[in-house]
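Chemist: got a structure for you, letters missing:
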Ligand code: 5RP
């Protein structure tokens, strides 16, 4: 099976978690794009969606799925999103597409976070994938120096602005043994909007695409 077929498999499988007549949270990225396409096949059975990026919102609208502002939604039973790296504890690095802040907000609101990805994303320790940090533009240099102090090499994502008008520093060279602690520490640096660690609010369910069929992993405890 190709990687795209593995993504397709989990995108389809995620439909089972969608709650009828409710708004569904939708993340961003290539795996989520396939989920949006799958969601279109049951669009008559949901109220609509909230989207973590402008690109996802556009794709949902093209399919005729109503897109709600998160502020007008008081209940979000399920959020479906991908990941750049994920551990068996369902801690993640996200933000490869730069939508980490909106993704984190929607994940915080949702009752259940369903992560969909192919098996290549499952890792024993987070950090091989550079950790994205969204920063207020004037804080770029300061946050970069703070990351150097933490033995990480920050690289400005060239020519990229987030949907919130900010910059991304992709931070290389981290071996993240305590993702919850690092997530909180980095978020306390002045000028950081948020970082791409999703550990304090990790996924509840992981649908992992593999050649022999997808696996379901659930958060322990
Ligand atoms: C975007 C994300 C995506 O979920 C992550 O980059 C995975 O994307 P893909 O499904 O294309 O591999 O966090 O900010």
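Modeler: Sure thing, it's come through. In this text, all values refer to a predicted model and were calculated from it rather than measured experimentally. Numbers count the residues shown, from 1 in each chain.

Chemist: quick one, what contacts residue 211?
Modeler: 1, 6 (CB atoms under 8 Å, 6 or more residues apart in numbering). The C-beta positions use only the backbone N, C-alpha and C, and glycine is treated the same way.

Chemist: what about 10 Å?
Modeler: Neighbour list for residue 211: 1, 2, 5, 6, 9, 118, 119 [criterion: CB atoms under 10 Å, 6 or more residues apart in numbering].

Chemist: get me the contact residues on the protein for the ligand.
Modeler: Within the chain, the positions adjacent to the ligand are 27-31, 81-84, 94-100, 103 by CB under 6 Å from any ligand atom.

Chemist: buried members of those residues into ChimeraX, please.
Modeler: One line in ChimeraX is enough to select the buried ones among the residues of the chain next to the ligand; burial here means 16 or more other CB atoms under 10 Å:
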select :27,28,29,31,81,82,83,84,94,95,96,97,98,99,100,103
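
Chemist: in helices, which of the residues of the chain next to the ligand appear?
Modeler: Per DSSP state H, helices hold the following members of the residues of the chain next to the ligand: 30, 31, 100, 103.

Chemist: for residue 82, see how far away the third one is.
Modeler: Going back to what we said before, that points to residue 100. Per CB to CB, to the nearest Å, residue 100 is found 12 Å from residue 82.

Chemist: from the ligand, how far out is the residue in the chain sticking out farthest from the centre?
Modeler: For the chain, the largest distance from the centre (CA atoms, centre = their mean) belongs to residue 149, which lies 26.7 Å off. According to CB to the nearest ligand atom, to the nearest Å, residue 149 and the ligand sit 26 Å apart.

Chemist: shared neighbours, residue 100 and residue 82?
Modeler: Common neighbours of residue 100 and residue 82 (CB under 10 Å, 6+ apart) are 27, 28, 94.
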